[in-house]
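Colleague: Just the structure for this:
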Amino acid sequence: MPAFSHLTEQALRAAVNHTGTEFKGGTKAISQLKETALKRINELVNGHGNAANISSELNLQNLAIGTAIQGLELSYFAVKGQLEQLKDKRLCFDKERLGGIATFIIPTHIEEKNLSTQEQIIKAFINAAHKKNDLFHYLGIQVNTSVELEQAEFYSILPFYKMSEALAQPIASKKTIDKQRTTINLFFRSILPNTLKEIDITFQTENKFIEFFKSSYAQGNYLNDLRAPRFIMLALANLLWNLQHPMDPETGFPLSTARNIELCREVELFINALLNNNENTYLKELNYMGNTLLSFVRKVETHIKSLRVAFIEEHLYELNVSDLAHNAHQTLRTMDKSIFELIYKNKDPLAGKERPDSKAAEELAYSVSYLNQLLINAPDLLPLFTLSKEKMNEIPFINQDPITIIDVLIRFIHYTEEEKLKLYAMLNKEHSDHATEFLSTLQHLNKKYLSPIIEVCHKELNSSLLQPKHRAIAQLTARRFIPLMTLVLEDYTVSVDRPNKESNESPVTSPLYSASEQIKKINTLANIGKGYYVWELSPFITLHKETEEGLDQLPHHQYRFTEITQLLDAINEIVQNYRTFLQHKSFQNFLIRCLNKIKSEYSALEHYIARVDSFLSNDKTIGRSIQAILAPMNTDLTASLEHFSSSFSHFEQIISAPDFTEQQKNILSMKIEAIHQQFNTLFEEDSGILELSPANSPSPPGITLAPLKPKENKPSSPSVYVDPKRIIELRKLITSCRHALSLGSYYGNKGRLLTRLLTLIDNKVTLTFQEELLIITELGKITLSYRPTCFFQAAYAETRSGKIFIAALNNAAINKILPLSSLVFNQHHGSTLTPKECIKQLKILKETNEWPEDSMQLTALT
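Modeller: Next comes the predicted model:
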């Protein structure tokens with residue numbers, strides 16, 4: 001056979017060439033290929049052999065062709081199946097890109113080291129996100145499981161950032177944070193879609209056959225080369241979108257400015273890990289989009305750093321009353337959640353067990369708001385909710401005729417089950433969409449929220465078939481549930497009032513209550529504790545009497561904080577919208593006194609939490625399920641107290657500064673001056689704003705302006721704080737000097753010392769004049785010194801960073817905000833000096849103060 005071995009190859013090629021255009025018929029095509037090959041081999045053998053060996057050679061060739069065709073047949077069906085699978089993969093990816101989503105599947109039945117490169121990168125990306133507190137939540141990654149994916153994890157991402165595209169953006173805002181948000185929105189509208197378009201073009205123009213064979217060889221989804229970068233890009237876009245306005249994942253309230261800064265730092269570390277080749281992410285190893293993806297991640301990192309700097313400016317410059325208000329709201333949410341978790345449970349369909357319903361309070365607030373919206377659109381449903389005059393006389397704060405959603409719910413909750421069924425029947429006869437929705441929402445409210453309380457009241461009143469006590473059960477249920485409902489409604493500030501038509505819908509002889517007034521009065525009555533409505537948690541839990549009594553006080557503490565939160569919201573509105581009040585000393589004193597009072601209330605709450613904690617520790621009857629509710633509540637409330645204390649200290653430090661009033665006047669003065677100049681430039685007319693002249697400034701409560709006064713270089717009191725704008729300008733200068741360093745200096749002692757200066761500024765709420773001067777002096781010492789090397793080193797004061805520092809000394813724009821020249825030279829001549837003269841003066845300062853020339857001799861400022 002050796003002489004004829006090439007004949008098999010020729011016969012097979014001849015057969016493939018002959019049947020190639022018709023190779024579409026599955027097993028039929030394989031049979032045809034075999035027949036053609038055998039026919040061809042007969043011709044070849046007969047042409048190359050002799051009578052002695054033709055017979056045996058044909059047998060051998062037939063056997064060889066049969067074996068080859070059998071292998072080809074198996075390969076064909078493998079190819080056919082792989083092609084079908086490839087088609088599905090392409091179709092699936094095509095739908096994803098058109099839908100703007102991203103998905104990724106990671107097998108779980110193999111070891112991590114055997115995963116493909118793309119799978120390892122995504123796995124490392126997800127693991128890194130899980131290590132950073134709430135970071136995984138901000139990425140918008142969803143983990144899905146299904147029967148079809150028993151041996152895989154399915155991750156998906158929705159483009160949450162697209163939700164902001166239809167919203168108006170703060171175009172003309174002067175605030176740094178708003179400018180950064182605008183820049184990020186431009187990133188979402190330009191860079192992100194263009195980068196995703198590159199992936200789309202690659203997908204649409206690739207050679208499918210080459211990629212198919214690559215996929216067959218690698219035994220994986222070749223589209224993962226496109227899926228992985230797309231997945232990471234959408235996740236980081238969601239992260240950046242969330243960082244524009246960071247929210248608490250649990251409560252939905254904005255994070256404090258200090259927490260925003262901390263969160264940005266955490267994200268920067270996360271991004272740094274992605275770009276660090278020593279970590280396990282290896283983004284650059286993605287075959288198709290490695291460089292493009294790295295550039296995208298670097299852009300995101302830059303935006304996050306800019307956001308952090310903007311948040312720092314906000315923290316230094318803005319009064320954080322909103323932080324205090326948000327913190328109080330979070331405290332209320334924590335209490336609401338815990339109270340309702342004690343009463344309401346959800347059945348877990350997978351585990352088959354009941355678990356505390358953490359969303360019960362939120363869902364109740366939404367349900368009532370939704371019922372109110374339905375009632376506004378269908379006021380003809382109101383007459384269906386009737387109640388006997390006898391019952392009406394017993395129930396406080398209810399309108400004689402139902403005119404509010406609270407009237408409707410008070411009546412409904414007081415109904416017996418039989419009366420509820422009659423109401424359902426009447427609503428069912430209305431034959432309108434509003435009535436249908438109203439009916440289903442009431443039924444849900446009854447089943448989820450009233451039934452557990454009805455069951456407890458049924459046992460408590462010893463109701464039986466002979467003595468059902470339906471009316472007493474309904475009344476006790478209403479007395480307990482309605483004040484809990486109104487407490488949640490007041491905390492969540494949901495819309496419950498209707499348009500002002502009540503006065504025409506009820507007799508003038510009876511008192512009229514709006515829904516908001518009813519909520520307020522019911523809560524006030526429940527807080528007194530001796531009226532018709534009561535806050536009671538003890539009937540729903542079985543503990544020692546002392547523990548039950550302690551927990552019964554929880555709604556009362558919560559309502560106290562509800563009132564405090566409303567006060568903070570009102571103060572916040574004045575501070576945000578009517579800032580001229582901040583110029584008045586009496587209002588400043590009021591703010592300090594008010595916040596001190598609120599701080600005392602937080603201390604009282606802290607004592608209550610400690611008491612509850614003591615109950616939990618000593619009460620052996622507390623089950624693990626109740627412990628799982630109350631222990632986190634104590635932890636969350638303690639954290640809220642700490643956050644409030646921190647925010648209050650920052651607020652007090654800013655508003656107590658001796659020059660705070662002058663700062664507020666100057667801020668307003670500069671804004672009016674800018675308007676005046678713009679008007680004059682555009683229309684060549686005087687603005688006519690009399691307040692521009694200090695002599696014409698009206699007395700309070702009108703606008704009072706003072707001329708800008710130069711700050712003293714050496715104030716008599718170390719407690720005088722500098723203008724926040726000076727701190728921001730100083731920080732920018734330090735950053736510029738740091739960026740100007742050579743690579744060796746950046747990672748050497750000079751870089752570490754400049755980073756230390758930035759950290760000192762970031763960790764302080766504000767700076768005194770003495771601290772500012774100390775930091776500027778230290779900045780000069782660091783930047784002017786040189787890094788000793790074996791080859792070339794710059795002369796003193798002629799380093800890269802030193803040139804930036806000297807340029808700042810001569811920069812009029814910088815000196816207008818931060819009088820750098822006068823602070824360094826102690827006189828107002830810096831702006832007139834040439835760079836050489838500056839260097840000469842700085843060298844004199846070095847000699848006078850004995851500053852080291854060698855940067856390695858410098859130590860960190862503490």
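Colleague: Every contact and neighbour count from this point should use C-alpha atoms.
Modeller: OK.
Colleague: which SSE is Leu733 in?
Modeller: helix 724-739 (DSSP states H and E).
Colleague: export the helix or strand just after that helix as CSV, just CAs?
Modeller: As assigned by DSSP H and E, the chain's next helix or strand after helix 724-739 is helix 743-746. What follows is helix 743-746 as a C-alpha-only set of coordinates in CSV (Å, rounded to 0.1, in the frame of the first residue of the first chain):
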residue,chain,number,x,y,z
LEU,A,743,8.5,59.5,37.0
GLY,A,744,11.2,58.9,39.6
SER,A,745,10.1,61.9,41.8
TYR,A,746,6.4,60.9,41.4
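Colleague: which residues are contacting helix 743-746?
Modeller: The list of residues contacting helix 743-746 from outside it, by CA atoms under 8 Å, 6 or more residues apart in numbering, reads 738-739, 751-752, 787.
Colleague: tell me the mean pLDDT over it?
Modeller: On average, the pLDDT along helix 743-746 is 82.
Colleague: In that helix, which residues are buried?
Modeller: Within helix 743-746, the residues that qualify as buried are 745-746, counting by 16 or more other CA atoms under 10 Å.
Colleague: repeat for stretch 384-398
Modeller: 385-387, 392, 395, 397-398.
Colleague: I'd like to know how many residues surround the spatially closest residue to Phe296 that is not a sequence neighbour.
Modeller: Leaving out its chain neighbours, the residue that sits closest to Phe296 by CA to CA, 6 or more residues apart in numbering is Met233, at 7.5 Å. When neighbours are counted by other CA atoms under 10 Å, Met233 registers 20.
Colleague: quick check, nearest of the buried residues of stretch 384-398 to Asn589?
Modeller: Phe397 (38.3 Å; CA to CA).
Colleague: What score does the closest one have for pLDDT?
Modeller: pLDDT, Phe397: 93.
Colleague: so Leu543 is in which element?
Modeller: Leu543 belongs to no helix or strand, assigned by DSSP H and E.
Colleague: gap between the nearest residue to it once chain neighbours are set aside and Asn763?
Modeller: Residue nearest to Leu543 in three dimensions, not counting chain neighbours: Thr621, with 5.7 Å by CA to CA, 6+ apart. As judged by CA to CA, to the nearest Å, Thr621 and Asn763 stand 46 Å apart.
Colleague: Tell me the pLDDT of the nearest residue to Glu549 once chain neighbours are set aside.
Modeller: Excluding the flanking residues, the one nearest Glu549 by CA to CA, 6+ apart is Ser538, at 7.0 Å. At Ser538, the model reports a pLDDT of 88.
Colleague: and if you look at Thr789?
Modeller: 73.
Colleague: go on, His458?
Modeller: Reported pLDDT for His458: 93.
Colleague: same deal with Ala258?
Modeller: 80.
Colleague: So which residues of the chain form strands?
Modeller: 102-107, 141-144, 152-157, 345-348, 353-356 (DSSP state E).
Colleague: The ones you listed: which one's closest to Ile403?
Modeller: strand 345-348 (32.7 Å).
Colleague: Run a quick neighbour tally on Ser822.
Modeller: 16.
Colleague: For Gln588, which residues are in contact?
Modeller: Per CA under 8 Å, 6+ apart, neighbours of Gln588: 582, 655.
Colleague: got a pLDDT number for it?
Modeller: Gln588 is given a pLDDT of 84.
Colleague: Next, find the distance separating the closest residue to Leu595 other than its chain neighbours from Phe590.
Modeller: By the measure of CA to CA, 6+ apart, the closest residue to Leu595 outside its immediate chain neighbours is Phe648, 7.3 Å from it. Phe648 sits 14 Å away from Phe590, taking CA to CA as the criterion.
Colleague: doesn't His315 make contact with Ile177?
Modeller: No: the pair Ile177 / His315 is not scored as a contact, 10.8 Å apart, by CA atoms under 8 Å.
Colleague: what comes up buried for stretch 775-786?
Modeller: Buried residues in stretch 775-786 (16+ other CA under 10 Å): 775-776, 778-786.
Colleague: circling back: what's around the residue nearest to Leu595, how many residues?
Modeller: 20.
Colleague: Now do the contacts for Tyr513.
Modeller: Here Tyr513 is in contact with 397-399 (CA under 8 Å, 6+ apart).
Colleague: repeat that for 10 Å
Modeller: 397-400, 403-404, 406-407, 502-503, 519, 521 (CA atoms under 10 Å, 6 or more residues apart in numbering).
Colleague: Kindly report the same for Leu466.
Modeller: Taking CA under 10 Å, 6+ apart as the definition, Leu466 has no contacts.
Colleague: Can you tell me which of the contacts of helix 743-746 comes closest to Asn346?
Modeller: Checking these one by one against Asn346 (CA to CA), the nearest turns out to be Arg752, at 53.8 Å.
Colleague: okay if I get the strands of the chain as JSON lines plus mean pLDDT?
Modeller: Formatted as JSON lines, those follow (pLDDT from 0 to 100):
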{"stretch": "strand 102-107", "mean pLDDT": "81"}
{"stretch": "strand 141-144", "mean pLDDT": "78"}
{"stretch": "strand 152-157", "mean pLDDT": "81"}
{"stretch": "strand 345-348", "mean pLDDT": "80"}
{"stretch": "strand 353-356", "mean pLDDT": "82"}
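Colleague: mind putting those strands in TSV, distance to Pro452 included?
Modeller: TSV is the format used below for the strands of the chain (distance: least, CA to CA, whole Å):
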stretch	distance to Pro452
strand 102-107	41
strand 141-144	32
strand 152-157	37
strand 345-348	9
strand 353-356	13
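Colleague: Which one of these lies nearest to Gly550?
Modeller: strand 353-356 (20.4 Å).
Colleague: Now flag whichever of the buried residues of stretch 384-398 is closest to Gln330.
Modeller: Phe397 (29.2 Å).
Colleague: I figured the closest one hits Ile522, correct?
Modeller: Yes: taking contacts as CA atoms under 10 Å, Phe397 lies within contact range of Ile522: 7.3 Å.
Colleague: Find residues that contact each of these two.
Modeller: Common neighbours of Phe397 and Ile522 (CA under 10 Å, 6+ apart) do not exist.
Colleague: follow-up on the earlier one: winner for burial among the strands of the chain?
Modeller: Mean neighbour count (mean count of other CA atoms under 10 Å) peaks for strand 102-107 among those, with a mean of 20.
Colleague: What lies in contact with it?
Modeller: For strand 102-107, with CA under 10 Å, 6+ apart as the criterion, the contacting residues are 92-93, 95-97, 112, 114-116, 118-120, 122-123, 141-144, 149-159, 221, 224, 227-235.
Colleague: That strand: how far from the chain's middle?
Modeller: 23 Å (CA atoms, centre = their mean, to the nearest Å).
Colleague: what pairs with it, and is each one parallel or antiparallel?
Modeller: If you go by DSSP bridges, strand 102-107 pairs up with strand 152-157 (antiparallel).
Colleague: tell me the pLDDT at Leu554?
Modeller: pLDDT at Leu554 comes out at 90.
Colleague: So it sits against Met633, correct?
Modeller: No: counting by CA under 10 Å, Leu554 stays clear of Met633, with 11.2 Å between them.
Colleague: Need the residues touching each of the two.
Modeller: With CA under 10 Å, 6+ apart as the test, Leu554 and Met633 both reach 335, 338-339, 609.
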